[in-house]
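Undergrad: Quick one, fold the following:
(2 chains)
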Amino acid sequence: MEVMRDLDDPPPNTPGPRPSLVVPLLVGAGVAVALGVYGRTHTPTGIAVNVAGFSSPLTVKVWLGTGAAFFAVIQLLSALSMWGRLGGFSPSWAGAAHRWSGRIAFLLTVPVGVHCLYALGFADFDTRVLMHSLLGCFFFGAFATKMLTLPKRGLAGWVLPVVGGVVFVALIGVFLTSSVWYFTTFGFQL
Amino acid sequence: MKRMTPLLTLLSGAVTAAVLFTMSAQASPPGTQPAAGNGPPAAAPAPSTGTEDDVADDVDDPAEQEVDPDAPDGARPGVTSPPADRDPSSAGTEVNSVEQNWIGELENGATIAITVKNGKAEAYVCDGREMEVWLSGTVRDGKIELTGKDAKLTGVIRGDVASGEMIVGVRRWKFTARPEEKTDDSPVVKSGSGTAPAIYRATDDIRAAGIDGGWIMLPDGTQIGIVTWNGKPIPAPPLDPAFFTTKVDGVTITAAPVVPGAR
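TA: Predicted structure coming up:
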C-alpha cells in the first residue's frame, strides 16, 4: 500500500505550483513524430532480425503484439484496482503487478516496433494500415509521455488515468489493426 | 530511486530497440535494401526485368557481372539469346545427375526453372511481368513430361542441356535449360549449392487469402517472379533471401521452396 501511494496516488493538497506537463508532452510528441518521419522517409528493407521458434517474422510480431495486448489488459485492471475502482478489490500487490505488467508489455512492443519501422515503414495504402502506422508511432510517444509524467509529484488527479488510458487505447488500437487483423485474415498460427 | 524507474523502463526499451536495430541492419544484405522497398512499382518497373538487373549490379562482384550480362537480357521479351552464351562458366561442368535445378529460357523470353528430385519434377515458367505457368510431372530416362493448368511441357535431356517445348492453350514455345551451377560464390546468396531450391511459391495460407506469388532464383543471385494480386499479375519484388518474404502493397508475403513430390 505504501509503495502504491508513493508512486501513483497524487498526494493531497501539495503546496506550491503544479508541475508542468510540457516536457513530457513535448518529448512524447517528438518521439511519435520522429518515428513516423523515420518510418516514412527511409527505404523499408523488408528484413529484420527474427526470433527463433516462429514460422515467420510476421507471426513473431503478431504474437508479441498479442502478448503486449494481454499485459495491457492487466495494466488496465491493476490500475483500476489501485485507484479503488474494482469495488473492494485492491490488493497490496496491485502496484507491483501494474509496474511489471507495464514493463513487460512495453518490452514486448519494442521488437515489434523496430521490425515494423525498419522493415516495413510507415504506410498508408489503406485505412487499416494508415491507422496502424499512426497508432504505432503515437503509442511510443504516448508511452514516453507516461513514463516522464510518472515521477512528477502533485499532478491533478485526472492526469495519470488519462495519460495511461491514452497509452492503453493506442496499444489496443495497434493490436486490433495488426494481430487481430492477421488472425482473422490468415488464421491462427505460430 | 523510485522516481527513476519509469526512466529506466524507457531507457531499457530504447537500448533494446537500438540493439535490434543494429542487428537488423547487419542482417539485411545490401542488395535487398533498395530493391525490396516500396511495393511493386518502385521495386520492379513494368517494362523489363530491370530491377533484377539493378539488384545484380548492387550485389554481384564485377567478375560475375561480366559473366552474366546476357541473363537479364534473355528474360526480356523478343530477345532470344542462346542458352550456351548465358552461362559459359557451367559449360565445362560434368553433369552426372538430373536431380537438380534446370534453369533456362523459353523462346518468348520467359524464364523456366525445373526442379527434379526422385524422378518427380516441378516447373515454373514466368516472364516477370504477366505470364506464369506452374507445371508438375516427371523426368524419367531423360524424358521430361510436365503438365499444368491448360499447359503441357515435354522435352528431353541430352548431356547437360534440357530442351523441348511448352504448349499453353493454342500457343507453343521451345525452351532450353541447363543445370544450375554447382557452385556459386556470390556472398549474398546463402544457399550457394546447386541443390538449393530454385523455385519458390507463396505459402498456402497466403494463397488462401487470394494472393499468389512465384519466384525463380537465378544462379547469379537475381530473381524473377510474379505476384498475382487481386487476380492481376504484377512483377514480384525480390524475396528477402533470409526469410523468403517480400512485401507487396504493404502486405508481407512468405514464400516456400517448391519441392517435387511434396504436393
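
Undergrad: Could you say which helix or strand holds the nearest residue to A:Pro111 once chain neighbours are set aside?
TA: Leaving aside its sequence neighbours, A:Pro111 sits nearest to B:Leu20 (Cβ to Cβ, 6 or more residues apart in numbering or on different chains; 5.6 Å). The C-beta positions use only the backbone N, C-alpha and C, and glycine is treated the same way. Assessed by DSSP states H and E, B:Leu20 sits inside helix B:5-27.

Undergrad: Same question for B:Arg201.
TA: Since the elements are taken from DSSP H and E, B:Arg201 ends up inside strand B:199-202.

Undergrad: same question, A:Trp100
TA: helix A:94-115.

Undergrad: distance between that helix and the chain's centre?
TA: Centroid separation for helix A:94-115 versus its chain: 8 Å, with Cα atoms, centre = their mean, to the nearest Å.

Undergrad: Does the residue nearest to A:Pro111 touch A:Gly113 like I think?
TA: No - B:Leu20 lies out of contact with A:Gly113 (Cβ atoms under 8 Å); the separation is 9.2 Å.

Undergrad: Compare these two (neighbour count), which wins?
TA: Neighbour totals were compared for B:Leu20 and A:Gly113, and A:Gly113 leads with 24 against 20 (other Cβ atoms under 10 Å in any protein chain shown).

Undergrad: Run through the residues that contact B:Asp119.
TA: Rather than Asp, residue B:119 is Gly. By Cβ atoms under 8 Å, 6 or more residues apart in numbering or on different chains, B:Gly119 lies in contact with B:Thr138, B:Val139, B:Arg140.

Undergrad: now the helices for chain A?
TA: With helices called from DSSP state H, chain A shows them at A:2-8, A:22-41, A:57-82, A:94-115, A:127-149, A:159-175, A:181-186.

Undergrad: Can you pull out the low-pLDDT segments for chain A?
TA: Applying pLDDT under 70 to chain A picks out residues A:1-18, A:43-58, A:125, A:185-187, A:189-190.

Undergrad: What of the stretch 51-200 of chain B?
TA: Residue ranges of the stretch 51-200 of chain B with pLDDT under 70: B:51-97, B:181-195.

Undergrad: hmm, 80 instead?
TA: Scanning the stretch 51-200 of chain B for pLDDT under 80 picks out B:51-98, B:169-170, B:181-196.

Undergrad: Next, see if the strand holding B:Arg201 gets close to chain A.
TA: No - on the criterion Cβ under 8 Å from any Cβ of the partner chain, strand B:199-202 is out of touch with chain A, staying 11.8 Å away.

Undergrad: tell me the angle of the helix holding A:Trp100 relative to helix A:159-175?
TA: Interaxial angle of helix A:94-115 relative to helix A:159-175 (axes from the mean of the first three to the mean of the last three Cα atoms, to 10 degrees): 40 degrees.

Undergrad: For the strand holding B:Arg201, name the packing helices and strands.
TA: strand B:120-126, strand B:211-217, strand B:251-257 (3 or more Cβ pairs under 8 Å, 6 or more residues apart in numbering or on different chains; DSSP states H and E).

Undergrad: again, only using 7 Å
TA: strand B:211-217, strand B:251-257 (3 or more Cβ pairs under 7 Å, 6 or more residues apart in numbering or on different chains; DSSP states H and E).
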